[in-house]
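In: Can you look at this prediction? I've put the sequence above it.
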Amino acid sequence: MKKVIVIGAGVSGLASAIDLLSKGYEVELFEKQSGPGGKMDQIQSNGFTFDIGPSIVMMPDIYKEVFTKANKRYEDYIEFIRLDPSLTVFFHDEMDYSLDVSCDMSQFIPMLEKINPKDAHGFLRYLENIYGRYLNAKENFILKSFNHPRDFYNLKTLHNAYKLKTFNSASASIEKYVDSKYISQMLAFQTLYIGVSPNNGPSLYTIIPMIEMFYGVYYLKGGMHAMAKAMEKLFLDLNGVIHYNHPVSEILIENKQAVGIIANDQKVMADKIVCSADFPYVMKSLIKDDKDKGKYVDQKIDRMKYSCSTFVMYVETSRKYENAHVHNFVIANAFEENINQIFNGERINDPSFYVYIASKIDESMAPKGQDGLYILIPVAEHSVSQEDWDEHTKAYFKEIVLKKLEKTETFKTIRQDIKHISYMSPDDFSEKYNAYNGACFGLQPILKQSNHLRPQSKALKCEGLYFCGSSNHPGAGVPIAISSAYLATDALIEDDQNA
């Protein structure tokens with residue numbers, strides 16, 4: 001039985017480890033932290049439980065596939081709860097104006113018609129257009145590796161790439177279909193789920209609202225970390241071995257072959273290695289010799305474009321917010337300026353942000369009669385940011401957020417309701433989870449860093465080393481990170497069979 005080492009117990013690392021175990025490999029998993037999940041971690045404080053990073057469950061079939069691929073019933077590990085409304089959006093210039101967004105078309109279309117009848121028709125045209133492009137992307141790009149130039153540069157793939165129509169920005173694509181600034185901003189804001197600007201990200205990333213509408217938005221009982229715990233349990237049920245508190249400091253490469261790792265100053269050898277740590281971090285920190293990095297030498301890594309980061313406030317409150325929903329957006333008055341400041345690194349004057357209240361649907365996430373608010377503000381990553389994430393900066397963003405929430409009827413008492421606040425800044429994501437530049441979503445999925453131009457599942461200059469995670473093809477987001485894990489394991493198994 002061949003031995004595989006998997007580096008990192010985030011969602012992509014766990015998915016690859018489970019897949020390999022179920023296919024007969026011996027797998028040992030090494031993780032820097034004391035538990036599973038990576039950024040899909042949790043904070044527990046004073047009876048409150050907060051997810052640290054991911055919070056929205058979309059494309060639930062991909063979550064389920066982790067278990068069914070291993071011949072297990074997903075119902076024995078995780079519980080999905082469908083949300084409707086899927087989210088509430090509060091708007092900038094009229095903070096008493098909000099939209100409850102349903103994934104039920106019989107509710108969503110009448111809501112659009114009240115805003116602008118043309119936009120209801122335009123939205124249906126958008127869905128038709130983007131769904132066809134999604135099917136093309138899924139079959140020909142998302143679920144396919146480009147480890148060799150011929151994988152992309154062939155007539156079939158080039159023809160399908162042309163049909164994706166990715167050259168417009170997400171914002172420009174949205175504006176072709178809807179006139180209302182409320183609807184266009186609601187759609188555009190969602191590209192930040194994967195850390196890319198709607199003004200710069202390819203138009204294909206308007207796919208996210210379509211996925212919500214067609215496949216629903218869900219909550220996992222126990223929060224998103226429940227998925228990480230379930231994957232850990234499945235991995236152990238399959239007799240995998242996990243080494244927590246074992247940070248990897250080097251991937252050992254000899255004669256162009258990955259042979260092992262150094263973790264906690266100890267050498268551990270293996271036949272193959274799958275690395276789910278953030279790819280830019282791996283290239284700069286874990287692979288020591290430039291000849292083993294291929295084109296991804298330090299200078300190349302520094303020139304690449306990174307997703308935004310996030311500043312997250314975990315707010316313990318003394319009450320329930322009866323009119324709030326699980327997922328809530330607050331859109332900035334100066335929305336375009338806000339987006340530009342995020343990606344230019346300037347001080348953000350009027351941020352858009354997201355409020356996630358898991359305790360609205362899951363009483364286990366907060367003490368009885370209280371709500372915990374996870375408030376996420378998209379901010380610049382380190383290479384462009386002009387912020388120092390000291391206490392003054394945190395206080396600045398806290399004050400802006402509270403002032404905006406106070407203007408809503410739903411959260412008007414927020415300031416006096418607060419019992420305690422803790423924070424995660426870009427510095428924390430970098431230090432704790434090795435997110436390069438503090439970029440929570442890895443490399444930006446702009447055109448020149450997508451598909452064959454993005455780091456792939458196989459190492460370029462050595463054998464036996466495979467990659468998965470947000471900075472690798474196909475990109476960021478929990479379902480897509482899981483897909484990257486399968487691309488890595490498929491490449492590993494193919495190489496093993498060919499050998």
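Out: Noted; the coordinates are in hand. Residues are numbered from 1 along each chain as shown.
In: Which helix or strand in the chain has the lowest average pLDDT?
Out: strand 94-101 (a mean of 71; mean pLDDT, DSSP states H and E).
In: what's the helix or strand that it is followed by packed up against?
Out: Using DSSP states H and E, the helix or strand that follows strand 94-101 in sequence is helix 105-115. For helix 105-115, the elements it packs on are strand 94-101, helix 117-137, helix 181-189, judged by 3 or more Cβ pairs under 8 Å, 6 or more residues apart in numbering; DSSP states H and E. Any C-beta I mention is one placed from the backbone N, CA and C, and that applies to glycine too.
In: Helix 105-115: how far from the chain's middle?
Out: 29 Å (Cα atoms, centre = their mean, to the nearest Å).
In: now it and helix 117-137, what's the angle there?
Out: 130 degrees (axes from the mean of the first three to the mean of the last three Cα atoms, to 10 degrees).
In: which stretches of the stretch 151-300 of the chain form helices?
Out: 155-164, 170-175, 181-189, 207-215, 225-237, 279-281, 298-303 (DSSP state H, counting those that start in this stretch).
In: quick one: contacts of the third one?
Out: Applying Cβ atoms under 8 Å, 6 or more residues apart in numbering, the set of residues contacting helix 181-189 from outside is 89, 91, 97, 99, 101, 112, 115-116, 119, 123, 170-171, 174-175, 178, 198, 206, 209, 329, 331, 335, 339, 352.
In: PyMOL command to pick out the buried ones of those residues?
Out: This is how PyMOL selects the buried members of these, with burial counted by 16 or more other Cβ atoms under 10 Å:
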select buried, resi 89+91+99+101+112+115+116+119+123+170+171+174+175+178+198+206+209+329+331+335+339+352
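In: List the contacts of Asn147.
Out: When contacts are counted by Cβ under 8 Å, 6+ apart, Asn147 touches Gln456, Ser457, Lys458, Ala491.
In: And for Tyr433?
Out: By Cβ under 8 Å, 6+ apart, Tyr433 lies in contact with Gly10, Gly38, Lys39, Asp278.
In: now swap in Ala485 and tell me
Out: Contacts of Ala485 by Cβ under 8 Å, 6+ apart are Val11, Ser12, Gly13, Leu14, Ala15, Ser16, Asp19, Val274, Ser276, Cys468.
In: Out of the residues you listed, the closest to Glu65 would be?
Out: Among the contacts of Ala485, Ala15 lies closest to Glu65 (Cβ to Cβ), at 9.0 Å.
In: Name the nearest residue to Ile43, ignoring sequence neighbours.
Out: Counting by Cβ to Cβ, 6 or more residues apart in numbering, Ile43 lies nearest to Phe50, which is 4.6 Å off, once chain neighbours are set aside.
In: just how off-centre is stretch 132-150 within its chain?
Out: 19 Å.
In: nope, stretch 394-404 is what I meant
Out: With Cα atoms, centre = their mean, you get 24 Å for stretch 394-404.
In: can you put the contacts of Asn147 in TSV and add pLDDT?
Out: Formatted as TSV, the contacts of Asn147 follow (pLDDT from 0 to 100):
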residue	pLDDT
Gln456	97
Ser457	97
Lys458	97
Ala491	97
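In: Can you tell me which of these is closest to Leu143?
Out: Nearest to Leu143 among these: Ser457, at 11.7 Å, using Cβ to Cβ.
In: Kindly confirm whether my reading is correct that the closest one touches Gly469.
Out: No - using Cβ atoms under 8 Å, Ser457 makes no contact with Gly469, being 10.3 Å away.
In: Point out where the stretch 201-350 of the chain drops to low pLDDT.
Out: Under the criterion pLDDT under 70, no range of the stretch 201-350 of the chain is flagged.
In: got the domain boundaries for this structure?
Out: Under the assignment automatic domain parsing, the domains of the chain span 3-80+222-302+445-498, 107-212.
In: so who does the residue of the chain positioned farthest from its centre touch?
Out: The C-alpha centroid of the chain is most remote from Asn255, which lies 35.3 Å away (Cα atoms, centre = their mean). Listed by Cβ under 8 Å, 6+ apart, Asn255 has no contact partners.
In: how far away is it from Glu463?
Out: In this view, Asn255 and Glu463 are 9 Å apart by Cβ to Cβ, to the nearest Å.
In: likewise Leu373?
Out: With distances taken as Cβ to Cβ, Leu373 is found 48 Å from Glu463.
In: Looking at these two, which one has more neighbours?
Out: Between Leu373 and Glu463, Leu373 has the larger neighbour count (other Cβ atoms under 10 Å), namely 28 against 14.
In: In space, what's closest to that one - neighbours in sequence excluded?
Out: Using Cβ to Cβ, 6+ apart, the nearest residue to Leu373 is Val315, at 4.1 Å.
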